[in-house]
Every structure is written in structure tokens, then in C-alpha cells.
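Trainee: no sequence on this one, just coordinates:
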């Protein structure tokens, strides 16, 4: 069974990382590290969510995760567009 605590902790870390990424200068090497960490976290989250979809019948939990996914996607979209503007 998928670990709900692990997913909650990963969600918090992902939110913090996206916030750091929004504040980081685009041209910084640290930003490259943050993006790499972001990719790893998104991969791990996808694995956990897939396990939940296969195992859990808790629709409230799944709906909460869907809302969080939308929030994460908004932050990601903002950071990508900031980077595009900076490199124009």
C-alpha cells in the first residue's frame, strides 16, 4: 500500500522547492540544481500517485492530490515563463 505520510512530506518538499525556484535567479547554477531536484521529486510523486490510484478508494485524498497537482503546475508554469522572459 502507498504511504500517505511519504506523499504528504513529498508534497511539502515539492511546494518549498517550487517557491525556491521562483525566487532563484534564472542564470544561477543553483537554479540548475533546483530544476534537477524538481524533476526527481515529480517522478517520485508520480510513482506514489500511481500507487494510490491503483490501491486507494479514498476519493477525498485523490481529489486533494488533484488540487495540489494544479497548484504545482501553476507554479511551474510561472517559473518557466519567467525564464523565457529573462532569456529574450
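Mentor: Cool, got the structure. Bear in mind the structure is a predicted one, so any value in this text is a computation, not a measurement.
Trainee: C-alpha only now, for contacts and for neighbours.
Mentor: Fine.
Trainee: which strands and helices sit next to the helix or strand residue 74 falls within?
Mentor: Using DSSP states H and E, residue 74 falls within helix 59-86. When contacts are defined as 3 or more C-alpha pairs under 8 Å, 6 or more residues apart in numbering; DSSP states H and E, helix 59-86 packs onto helix 4-23.
Trainee: center of the chain, which residue is that?
Mentor: Of all residues in the chain, the one closest to the mean position by C-alpha atoms, centre = their mean is residue 14, 4.4 Å from it.
Trainee: pretty sure that one contacts residue 41?
Mentor: Yes: the pair residue 14 / residue 41 is scored as a contact, 6.6 Å apart, by C-alpha atoms under 8 Å.
Trainee: residues of the lowest-mean-pLDDT helix or strand in the chain that come out buried?
Mentor: Scoring the helices and strands of the chain by mean pLDDT, DSSP states H and E places helix 59-86 at the bottom, with a mean of 79. Of the residues in helix 59-86, 65, 72, 76, 79 count as buried by neighbour count, 16 or more other C-alpha atoms under 10 Å.
Trainee: measure the third one to residue 4 for me?
Mentor: Translated: residue 76. Using C-alpha to C-alpha, to the nearest Å, residue 76 is found at 24 Å from residue 4.
Trainee: for residue 35, same thing?
Mentor: Distance, residue 35 to residue 4, using C-alpha to C-alpha: 25 Å.
Trainee: for residue 78, which non-adjacent residue is spatially closest?
Mentor: Once flanking residues are discounted, residue 78 sits nearest to residue 22: 7.7 Å by C-alpha to C-alpha, 6 or more residues apart in numbering.
Trainee: how many neighbours does the one you found have?
Mentor: By the measure other C-alpha atoms under 10 Å, the count of residues near residue 22 is 18.
Trainee: so for it, what's the pLDDT?
Mentor: Predicted confidence (pLDDT) at residue 22: the value is 83.
Trainee: how far away from the center of its chain is stretch 50-62?
Mentor: Computed by C-alpha atoms, centre = their mean, to the nearest Å, the chain-centroid distance of stretch 50-62 equals 18 Å.
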